[in-house]
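**Q** Mind folding the following:
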Amino acid sequence: MSETLGERNESNRGSRLPRGFFGMLGLLLATELFISRAALDLARPEYWLWYATGRSARVDTKNAEILCLGTSQTSYGVVPQVLEERLGRRTYNLAMCSAPPQADYYLLKRALDSGARPKAVVLDLHPHLMKNSYRGCIRFFPNLLSASESIDLGWTAHDPDFTAEVLLAKILPSVLNRYDIRNAIMATLDGKPCSLRKPTLTSLWNRESNKGAMILAPKPSPASELTPTDYEWLTPAEWKHEQINTLYVRRLLKLAASHDITVFLLIPPIDARLQQMRQEKGLTSSFEAFAQGLQAHHPNLVVVDGARTGYPATVFSDAMHVSRPGAISMTCDLGEILRPYLEGNPQPRSRWLVLPSYRERTSRADIVELAEVNETRLPWKVTR
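**A** Sure, this is the predicted structure:
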C-alpha cells in the first residue's frame, strides 16, 4: 500500500531536529566562548603559568645549555640571568608551582623534541609532591599537556579517567574553569572583587622577564615568625613516595641520559626551623636515602644538597621559598658546582655535592621582582 501524504509529512517531521536543539547548541557555544574570553579574570595565576611554561618549552629553550625543572622552589630560587652572568651559558627556567615529576618529564621531552640540546638540567623534587598523587594537579594539567601527552600519562598510570578529564577540560572552558566560575559567583554574591587579571598579569610578566623564573621581593617579616601550624603539612609523620611519581623521575633521568645530559638534583635550602622539624622526624634522611637510590641506577644524576646551608630567615619569603637575596646567593654557588661539568674540567669524584653555607652575594644581572603590569607589556597575547 502506498504511503499517504499525511504519513509522509509525519515522517518528515519526525526526522527533523527540533528547533530547540539548535537554540541549546547556540547557547552552549556562546557560553563557552564567553568563559574562554573571560579566562584571564577567572583562572588562577598558576593555571596561566603552567600554560606559559608549556609554551616556553617549545619556543624558548632551543639555545639553552642549562634547563631548570621542578617546583616553585627552583622557580623562585634559581635565576637564569645570574647563571648566564657567571657561566656565560644560556639558561631557561621551566620550573612551576606544584609541578609533579610527570610535568617535569613532559616539559623536558617537549623541549628536546623542539630542538633543545642542554648540557645540564637542574631539578628539584618536592618531598610533598613526591608523596602525593599526581591527581592533586588535575586542575593544572589541561593547561600543560597536549592530547597525546595526556593519553600517554593516562596509559602509563593505568588511569583512563585522568585522560578523559583532561581532554574534556581542554575542549570545554566551562569544565576547565568550573571551580573558578563557582568562586567568582560566590565572590560576586558577597560583593567582593573576583577578577584575577592583575595577579595573573603580574606573575606572567615576572616570569617572562626572568627567563621563566619567578623572583620574590624580600619580606620585612622573616619566615621564622610563622606559627607551627604553617609547617604541619610539610612535616608528616613519615615520608613515602608514590611509585608512579618515581617511575616518571626515572623516565626523565633515562631521557636525559640518552641525550648525554647531566641532571643535578637540587635539594634547596629551607627555613632553619622547618629543617630541624624534618630532621627530627626522619623526613630528611628518608628523602636522602631515596635520592641515593636514584643515583645507584642513574650515573648521570648529581645531588646538590642545600638542606643544611644555614640560610637566615631574612632571605626567605616563607618557610620554603627564598626571596631575591637568597636566590642570588644560591644561584651563584650552584653555578660554581655546574662549572666543571659544563666546561669539561675534572669533575668531583663524589656525585653528592653540598651547597656552601649562605653568604651574601650580588649580581649585576637585570632581575625583575614582582610588580604590577598590564597586558600590553607581554610579548605574546594572553590567550589559549
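
**Q** Contacts for the helix or strand containing L129, please.
**A** Using DSSP states H and E, L129 maps to helix 127-131. For helix 127-131, the external contacting residues (CB atoms under 8 Å, 6 or more residues apart in numbering) are 71, 98-101, 136, 233-234, 236, 239-242, 245-246, 283, 287, 290. Every residue, glycine included, has its C-beta placed from N, CA and C.

**Q** Dump the C-alpha coordinates for it into PDB.
**A** The C-alpha trace of helix 127-131 is given here as PDB (Å, rounded to 0.1, in the frame of the first residue of the first chain):
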ATOM      1  CA  PRO A 127      59.000  15.700  49.000                       C
ATOM      2  CA  HIS A 128      55.400  16.700  49.500                       C
ATOM      3  CA  LEU A 129      54.600  16.300  45.800                       C
ATOM      4  CA  MET A 130      56.600  13.000  45.600                       C
ATOM      5  CA  LYS A 131      54.500  11.700  48.400                       C
END
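
**Q** got the buried residues for that helix?
**A** Residues of helix 127-131 classed as buried by neighbour count (16 or more other CB atoms under 10 Å): P127, H128, L129, M130, K131.

**Q** same deal with stretch 151-168?
**A** I151, D152, L153, G154, A157, D159, F162, T163, E165, V166, L167.

**Q** Name all residues that make contact with the residue most central in space within the chain.
**A** Note on the chain: the residue nearest the mean C-alpha position is M96, at 2.1 Å, using CA atoms, centre = their mean. Taking CB under 8 Å, 6+ apart, we find M96 in contact with E46, L49, W50, T53, T71, S72, S75, A103.

**Q** Have a look at these and tell me the least confident one.
**A** Ranked by pLDDT, the contacts of M96 bottom out at E46 (88).

**Q** That residue belongs to a helix?
**A** Yes: membership of E46 in a helix is supported by DSSP: H, G, I helix; E, B strand; the rest coil.

**Q** Let me know the distance separating the spatially closest residue to it that is not a sequence neighbour from D161.
**A** In this structure, E46 finds its nearest non-sequential neighbour in C97, 5.1 Å apart by CB to CB, 6 or more residues apart in numbering. Distance, C97 to D161, using CB to CB, to the nearest Å: 24 Å.

**Q** try W48
**A** Here W48 is placed at a distance of 25 Å from D161 (CB to CB).

**Q** next one: L255
**A** For L255, the distance to D161 - CB to CB - is 26 Å.

**Q** residues in contact with D333?
**A** Going by CB under 8 Å, 6+ apart, D333 touches L355, P356, R361.

**Q** okay, these in a markdown table with neighbour count next?
**A** Output for these, formatted as a markdown table (neighbours: other CB atoms under 10 Å):
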| residue | neighbour count |
| --- | --- |
| L355 | 22 |
| P356 | 16 |
| R361 | 16 |
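
**Q** picking up where we left off before, show me how to select, in PyMOL, the buried members of the contacts of helix 127-131.
**A** Of these, the buried ones can be selected in PyMOL as follows, counting by 16+ other CB under 10 Å:
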select buried, resi 71+98+99+100+101+234+239+241+242+245+246+283+287+290
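
**Q** From the contacts of helix 127-131, which land in helices?
**A** P101, N245, T246, L283, F287, F290 (DSSP state H).

**Q** Report pLDDT for the residue lying closest to I138 once chain neighbours are set aside.
**A** Of all residues not flanking I138 in the chain, E165 sits nearest, at 6.2 Å (CB to CB, 6+ apart). As predicted, E165 sits at a pLDDT of 92.

**Q** my guess is E165 contacts F140, does it?
**A** No: look at E165 against F140 with CB atoms under 8 Å: they stay out of range, at 12.0 Å.

**Q** any idea where the strands of the protein begin and end?
**A** Taking DSSP state E as the test, the strands found in the chain are 66-69, 91-93, 120-123, 262-267, 301-305, 352-354.

**Q** could I get the ones you listed as TSV with mean neighbour count, mean pLDDT and distance to G212?
**A** Below are the strands of the chain laid out as TSV (neighbours: other CB atoms under 10 Å; pLDDT from 0 to 100; distance: least, CB to CB, whole Å):
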stretch	mean neighbour count	mean pLDDT	distance to G212
strand 66-69	28	98	7
strand 91-93	28	98	3
strand 120-123	26	98	12
strand 262-267	23	97	15
strand 301-305	21	97	19
strand 352-354	15	96	24
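
**Q** Tell me which of these sits nearest to A313.
**A** Closest approach to A313 among the strands of the chain (CB to CB): strand 262-267, 18.8 Å.

**Q** Extract the CA atoms of the closest one and return them as CSV.
**A** Taking Å, rounded to 0.1, in the frame of the first residue of the first chain, the C-alpha atoms of strand 262-267 are listed here in CSV:
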residue,chain,number,x,y,z
THR,A,262,73.8,15.6,33.5
VAL,A,263,70.9,16.0,35.9
PHE,A,264,71.5,18.0,39.1
LEU,A,265,69.0,17.1,41.8
LEU,A,266,68.8,20.2,43.9
ILE,A,267,67.7,19.9,47.5
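
**Q** wait, which of the strands of the chain is closest to L338?
**A** The closest of the strands of the chain to L338 is strand 120-123. By CB to CB, the value is 5.7 Å.

**Q** which strands and helices sit next to the closest one?
**A** strand 66-69, strand 262-267, helix 324-343 (3 or more CB pairs under 8 Å, 6 or more residues apart in numbering; DSSP states H and E).

**Q** For the second one, name the packing helices and strands.
**A** Using 3+ CB pairs under 8 Å, 6+ apart as the contact test, the elements touching strand 262-267 are strand 120-123, helix 243-258, helix 283-297, strand 301-305, helix 324-343.

**Q** repeat for the shortest one
**A** With contacts taken as 3+ CB pairs under 8 Å, 6+ apart, strand 66-69 sits against helix 80-87, strand 91-93, helix 101-113, strand 120-123.
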